[in-house]
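> I would like the atomic coordinates for the input below:
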Amino acid sequence: MKYNITLFLLFVNLICFSQSIKETELIGKWRVEKIVGNIPKMPKKNQQQKMDVLIKAFKNSTFEFKSNHIFNLNIDFPELRNMMNNTHWKFKSESYIMIQEIKYKDKDKDKYELMGIKVLRKEGGVFFTMTESPFVLKMKKN
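Sure thing, here's the model as predicted:
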């Protein structure tokens, strides 16, 4: 019960003290300043080792949103970099970005996505929350 109340209060706090970001502000390169929040420990040692490598890769990564809606994730994690480079980004709302393969760029109703990013401006910083992972990244625009 305490956990649910704490989670609810955190959510209300984020809504009350956060601001949206405009699509034009998003365009450019964003560098990860740090990973915030608690990342859960993995149950097996080999899984934890992979998670540690991924965390290190994200700490040194950049996200590039081009004005022609091409997205690149510059990360030292080949599988992810190869999947996420030269993809298409859509600004779905003031706080959500959808990353898709190029072949889906004209299908606005298609829900297929490689990655979703929730964007939040709070306390002088911009945060990207990866919807398919536990990562919350504090970002800085280059």
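> Next, count neighbours for His88.
A count of neighbours around His88, defined by other CB atoms under 10 Å, yields 19. C-beta here means a position set from N, CA and C on the backbone, and glycine is covered the same way.
> Show me the beta-bridge partners of it.
With DSSP bridges applied, His88 shows beta-bridge pairing to Ile70, Gln100.
> From Ile35, how far off is it?
26 Å (CB to CB, to the nearest Å).
> pLDDT of stretch 67-74, averaged?
Stretch 67-74 shows a mean pLDDT of 96.
> ok, now stretch 43-60?
For stretch 43-60, the mean pLDDT works out to 91.
> Mind listing what's buried along that stretch?
Across stretch 43-60, burial judged by 16 or more other CB atoms under 10 Å covers Met51, Leu54, Ala57, Phe58.
> leaving aside the residues next to it on the chain, what's closest to the third one?
So that's Ala57. Counting by CB to CB, 6 or more residues apart in numbering, Phe77 is the residue found nearest to Ala57 once chain neighbours are left out, at 4.0 Å.
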